[in-house]
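J.: kindly generate the corresponding structure for this input.
(one chain, ligands or ions: 1)
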Amino acid sequence: MILVTGGAGYIGSHTVINLLDAGYDIVVFDNLETGHIETIETLKQIGNIKFLKGDLRNIDDINKVFETYDIDVVVHFAAFSLVGESVVNPLKYYRNNTFGTLNLLESMINHDVKKIVFSSTCATYGEPEYTPIDEKHPQNPINAYGASKLMIERMMKDFDAAYGLKSIKLRYFNVAGCDKLSRVGEWHDPETHLIPNILKSTFGTGQTFKIFGDDYDTPDGTCIRDYVNVEDLAQAHRLALEYLNRENKSDVFNLGTEKGDSVKTVFNVCEQVLNKKIPVEVVERRPGDPAKLYADAGKAKSILKWQPERNIENSISSAYKWECRLQSKENAHV
Ligand code: UFG
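T.: Numbering: from 1, shown residues only. Below you'll find the model as predicted:
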């Protein structure tokens, strides 16, 4: 069986669907602090998953999973992932992400489970020295979120050398879009990400979308990011897992489209896809935002045979369908 930690969250739930479609048996472990029980209920309707509520900060919780189920491999998402929050509350990030993963790895070793696919991030690179960013780019994170994940990468390297624990580290760029059938989606509270924030401004709540700075050293002055579709990302996890099972060796891959889009471009595409005017204003820069990040994902393409299939328009339209569902859910609760 495959253990998916954080399977009630955004990327985790999409990966669970991909793995269920491929016929795998899944156990989801999640503390439901940022994940949602409704997501677990939806996943249970899609396929045969087991769910255990627990917290990685408590090693007894994770030991119970390995004692109860016959786990061969782990796909590890469970983490906090808000860059801004990590700067003001680094303790929370090192405790949950780094220490929680240490518990997970310890429990894996004690139960003789030696394979893990890990959700890392391009935030481990820090301020780019060059673009596109490949896996050899120096890793100098500029916030506690990136640092908490970089420490995990380092633990995995040492645990491979000492205990033979094999890991695939996947460094994602900006994840976008939702399940094409809107069964699961991006559901953060508070929401800080670009595309859901643009879409939320279209619902007549009086909220104006805010562009964080238009004086960056980029062609239109707004930040450039590489928006990779979440279903493409889920597929990359399956390919990484199968590669790990086949080759039994550790490696690291960037996951991005290799194409950079500016905030203004994404905003314009949203207006086109939705065919409506969206209220917008330019405000101050958000601290800690690098001007330009996009991936060299050639290694994932050549070794994992991964090919992103969905473009930014696809991501925006699936995100919009999901956002409509979320809005109707919220209105139903009023
Ligand atoms: N932005 C706006 N207005 C908003 C929200 C975002 O202008 O309301 C801008 C940001 O300033 C940034 C771009 O849109 O330039 C993308 O911002 P996101 O918050 O969507 O994503 P980030 O690039 O900040 O962060 C993402 C992931 C992190 C990961 C990071 C790596 O969410 O988990 O990429 O840099 F660490």
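J.: can you pull the pLDDT of residue 333?
T.: The model reports residue 333 with a pLDDT of 58.
J.: can you give me the helices for the stretch 51-200 of the chain?
T.: Here the stretch 51-200 of the chain has its helices, by DSSP state H, counting those that start in this stretch, at 59-68, 83-88, 90-93, 100-110, 144-163, 194-200.
J.: if you skip the residues just before and after it, what's nearest to residue 87?
T.: Excluding the flanking residues, the one nearest residue 87 by CB to CB, 6 or more residues apart in numbering is residue 143, at 5.3 Å. For glycine as for every other residue, the C-beta is placed from the backbone atoms N, C-alpha and C.
J.: what does residue 152 give?
T.: Leaving aside its chain neighbours, residue 152 sits nearest to residue 101 (4.8 Å; criterion: CB to CB, 6+ apart).
J.: please apply the same query to residue 127.
T.: Counting by CB to CB, 6+ apart, residue 290 is the residue found nearest to residue 127 once chain neighbours are left out, at 5.4 Å.
J.: same question, residue 225
T.: For residue 225, ignoring the flanking residues on the chain, the nearest one in space by CB to CB, 6+ apart is residue 174 at 4.4 Å.
J.: ok, the one you found touching residue 228?
T.: Yes - if you go by CB atoms under 8 Å, residue 174 and residue 228 touch, sitting 6.8 Å apart.
J.: on the pLDDT front, check the residue nearest to residue 127 for me.
T.: For residue 290, the pLDDT comes out at 89.
J.: how about residue 306?
T.: pLDDT recorded at residue 306 is 98.
J.: now swap in residue 13 and tell me
T.: 98.
J.: could you measure from the residue nearest to residue 87 over to residue 157?
T.: 21 Å (CB to CB, to the nearest Å).
J.: the two: which is more packed in?
T.: Of the pair residue 143 and residue 157, residue 143 is the one with more neighbours under other CB atoms under 10 Å, namely 19 against 15.
J.: report the buried residues of stretch 309-327.
T.: Using 16 or more other CB atoms under 10 Å as the test for burial, stretch 309-327 gives 310-312, 314-323, 326-327.
J.: farthest-separated two in those?
T.: 311 and 327 (24.6 Å; CB to CB).
J.: ok, the residue nearest to residue 225 - contacts?
T.: Contact analysis of residue 174 by CB atoms under 8 Å, 6 or more residues apart in numbering lists 193, 194, 225, 226, 227, 228, 256, 293.
J.: pretty sure residue 217 is touching residue 262, no?
T.: No - checked against CB under 8 Å, the pair residue 217 and residue 262 is beyond contact range at 11.8 Å.
J.: more crowded one of these two?
T.: Between residue 217 and residue 262, residue 262 has the larger neighbour count (other CB under 10 Å), namely 21 against 7.
J.: okay, and the residue lying closest to that one once chain neighbours are set aside sits in which element?
T.: Excluding the flanking residues, the one nearest residue 262 by CB to CB, 6+ apart is residue 222, at 4.6 Å. Using DSSP states H and E, residue 222 falls within no helix or strand.
J.: mind pulling up the pLDDT for residue 222?
T.: On the pLDDT scale, residue 222 gets 98.
J.: ok, it - how many residues close by?
T.: Neighbours around residue 222, by other CB under 10 Å: 23.
J.: again with the one 4 residues further on
T.: A count of nearby residues for residue 226, using other CB under 10 Å, gives 26.
J.: OK, contacts around it?
T.: 173, 174, 256, 257, 258, 259, 260, 261, 293, 294, 295.
J.: who wins for neighbours among those residues?
T.: Ranked by the number of neighbours (other CB under 10 Å), the contacts of residue 226 place residue 295 first, at 30 neighbours.
J.: the nearest residue to that residue once chain neighbours are set aside and residue 77, how far apart?
T.: Take residue 295 and drop its neighbours on the chain: the residue closest to it by CB to CB, 6+ apart is residue 256, 2.8 Å away. Separation of residue 256 from residue 77 (CB to CB): 18 Å.
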